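> Need a 3D model of the sequence below.
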Amino acid sequence: MKDNKISKTVIVADGTFPKHMIPLEYIRNAKRIICCDGSAVNLIAAGYIPEAIVGDMDSLSKELAERFADLLFIDESQDTNDLTKAVTWCRDMGYNDLVIVGATGKREDHTIGNISLLAEYIKDVNVIMITDTGFFIPYAMSSEITSFKGQQVSIFSINSETEITTKGLRYPLNNTKITNWWVATLNEASGNNFTLEFNGGPVIVYLKFKE
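A predicted model of the protein is given here:
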C-alpha cells in the first residue's frame, strides 16, 4: 500500500498504544493528532500533545483534565463510542483524511466493533486503520488495490448479500457472498496489485505489513 504519511489527521483510540514503526511513524508525521479521552495518557507519555481530546471523559484522569482543559471536547452521548465521537468531531472540523491507530488490542469486543465502524466512517470521510500488524481499509466502491506479491489479504463485508469478485489474489472470489467473517480471510496477493469488484458494500480489506 502506498500512502503519504504526512498531512494526515491521526486519531489515537483507546486500545493498545502502537508499538510497530509504521503506526508510530504516522503519529510522528501527523499534521494533527486527535485522541479519545482514554488514550490521552499514553499519547502524552510518548511526548505528543493532541490538538483535541474527544469523548465523554470517563477515562481521563482529573489531573490531565485540569492540565489540558482547553483541549477537551466533551460528548456525553452513550449512543456512540469515543472513537466515533472523535471521527465525527474531525468531520465537523473539516478534517476528512483520517488515520486511526490504537483501535485494537485490549478487549476483543472493542476491537471488532472499532473495525466494523470503518464501514460507517467511509460514508463521510477518507479513513484507514493501522494496527501493529497491518492496515484495515474500507472501500465504498470497486477498486484496484496496491499490494505486493505474497502480501496476506483478508476481506470482510458488513452486508452478507454483497457479491465480491477479485482478480490478482491466490484464491479468487467470484461473485462470492461473505456470509461469515472467516469466508474471505487468509488470502494472498499474487503481484503488485489486485482488483476488488462489488456492488453494494462497503467492504473492508486487511493488508498485512511486509515482513
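
> pLDDT weak spots in the chain?
Applying pLDDT under 70 to the chain picks out residues 1-7.

> top helix in it by residue count?
helix 82-93 (DSSP state H).

> what helices or strands is it leaning on?
Helices and strands touching helix 82-93, by 3 or more Cβ pairs under 8 Å, 6 or more residues apart in numbering; DSSP states H and E, are strand 9-12, strand 32-36, strand 52-55, strand 97-101, helix 118-121. (Glycine included, C-beta is placed from N, CA and C.)

> Check the offset of the next helix or strand after the third one from the chain's centre.
The one in question is strand 52-55. Going down the chain from strand 52-55, the next helix or strand is helix 62-67, by DSSP states H and E. Its chain's C-alpha centre and that of helix 62-67 lie 28 Å apart, by Cα atoms, centre = their mean, to the nearest Å.

> Output the contacting helices and strands for the helix or strand just after helix 62-67.
Sequence order places strand 72-74 as the next helix or strand after helix 62-67, per DSSP H and E. For strand 72-74, the contact count by 3+ Cβ pairs under 8 Å, 6+ apart identifies strand 52-55 as packing neighbours.

> Give me the sheet partners of the strand it packs on and which way each runs.
Here strand 52-55 has these sheet partners by DSSP bridges: strand 32-36 (parallel), strand 72-74 (parallel).

> ok, and which of those strands has the densest surroundings?
Comparing the strands paired with strand 52-55 by mean neighbour count (mean count of other Cβ atoms under 10 Å), strand 32-36 ranks first with a mean of 25.

> Run through the neighbouring helices and strands of the helix or strand that comes right after that strand.
Following strand 32-36 in sequence order, the next helix or strand is helix 40-45 (DSSP H and E). Judged by 3+ Cβ pairs under 8 Å, 6+ apart, the packing partners of helix 40-45 are helix 62-67.

> could I get the helices and strands packed on helix 82-93 as CSV with distance to Phe198?
Conversion of those to CSV gives the following (distance: least, Cβ to Cβ, whole Å):
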stretch, distance to Phe198
strand 9-12, 27
strand 32-36, 31
strand 52-55, 32
strand 97-101, 23
helix 118-121, 12
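
> what's the most buried one of those?
Mean neighbour count (mean count of other Cβ under 10 Å) peaks for strand 9-12 among those, with a mean of 28.

> immediately after that strand, which helix or strand?
Per DSSP H and E, the first helix or strand lying C-terminal to strand 9-12 is helix 21-28.

> now that next one and strand 32-36, what's the angle there?
110 degrees (axes from the mean of the first three to the mean of the last three Cα atoms, to 10 degrees).

> Span of stretch 19-32 from start to end?
Criterion Cα to Cα, to the nearest Å; first-to-last residue distance in stretch 19-32 is 19 Å.

> actually stretch 190-201, not the one I typed
Its start and end residues considered, stretch 190-201 measures 24 Å (Cα to Cα).

> Run the chain-centre distance for that stretch.
Put simply, stretch 190-201 sits 19 Å off its chain's centre (Cα atoms, centre = their mean).

> What are the contacting residues of it?
Residues outside stretch 190-201 that contact it (Cβ atoms under 8 Å, 6 or more residues apart in numbering) are 119, 139-149, 153, 155, 157, 159, 161-170, 203, 205.

> These in strands, which ones?
Among those, DSSP state E puts 139, 143-146, 153, 155, 157, 163-167, 203, 205 in strands.
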